[in-house]
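Visitor: sharing a model that was predicted from the sequence below.
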Amino acid sequence: MTDSNFADFPFHLEFAPSPHQDQDFLKQLEFIPGLKELLTVRQVHALEHATVWVLNEMNNPQHQPGDNQRWGGMSTDEGFYLYGQVASGQLEQAVQEALRRLTSGEWNLAVHPRCGTNISVGLMMTAGLAMGINWFLPKGPIIQLMGLGFAATVASQLSPDMGALAQKYLTTAIPFNLEIVEVIATNDFWGRPTHFVRVQWCN
């Protein structure tokens, strides 16, 4: 993927992820219930984002910057659902390419501006700022409303950058331990048509 595809999403990883970091972490703390599933979801989440970036590139021959919003996904510990019109063969090619590029050093593909993490971070920031303003400002309704408006404005400005940081360090991880099993056309939990990219953990 060319840099222009996420030029407006400027954060870059400041460290080189180790291919064995999650595997070693799991060995040390394997007694913690659900840890492997959590680590798997983080890696699947990164693969989901990278796949959307690659699909965008494959369907944008002019290589114009930006995200065309044609695809979205939802990650699980068994793989991810990919929403949007795409042929199964093209999706399989995109997933394989995304995995190869992620594990070869294109770590920024793991971060995406439309990730739900950004929304969650924005909501938490808005709530935190609103509570703080409510505590410190006088209790008059006009001042409180102005304070809430200020909180929402500040949160909306900061949440993309903070969401990117949360994705990089909390909700995604480079999928060094994932192997693609299959890509199938199916339905999601709510019966909507989609594709499911099934993966498995490998040491």
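Guide: Everything's here; your move.
Visitor: how about the residue most central in space within the chain: what's its closest non-neighbour residue?
Guide: The chain has Cys115 as the residue nearest its centroid, 4.8 Å off, counting by C-alpha atoms, centre = their mean. Nearest non-adjacent residue to Cys115, counting by C-beta to C-beta, 6 or more residues apart in numbering: Gln167, 5.7 Å away. Glycine gets a C-beta too; all of them are placed from N, C-alpha and C.
Visitor: for that neighbour, give me its contacts.
Guide: His45, His49, Ala110, Val111, His112, Cys115, Thr117, Asn118 (C-beta atoms under 8 Å, 6 or more residues apart in numbering).
Visitor: next, give me the two most distant ones among the residues you listed.
Guide: The distance between the two most remote of those (C-beta to C-beta) is 13.9 Å, for Ala110 and Asn118.
Visitor: the two: who's more crowded?
Guide: When Ala110 and Asn118 are compared on other C-beta atoms under 10 Å, the one with more neighbours turns out to be Ala110, at 27 against 20.
Visitor: contacting residues around the more buried one?
Guide: His45, Ala46, His49, Ala50, Leu102, Gln167, Lys168, Thr172, Ala173, Ile174.
Visitor: the second one contacts Leu102, correct?
Guide: Right, the one you point to is Ala46. Yes - shown here, Ala46 and Leu102 form a contact pair, counting by C-beta atoms under 8 Å, at 6.3 Å.
Visitor: what touches both of these two?
Guide: Residues within reach of Ala46 and of Leu102 at once, by C-beta under 8 Å, 6+ apart, are Leu109, Ala110, Ile174, Pro175.
Visitor: returning to what we had before: now, of the contacts of Ala110, which are buried?
Guide: His45, Ala46, His49, Ala50, Leu102, Gln167, Lys168, Thr172, Ala173, Ile174 (16 or more other C-beta atoms under 10 Å).
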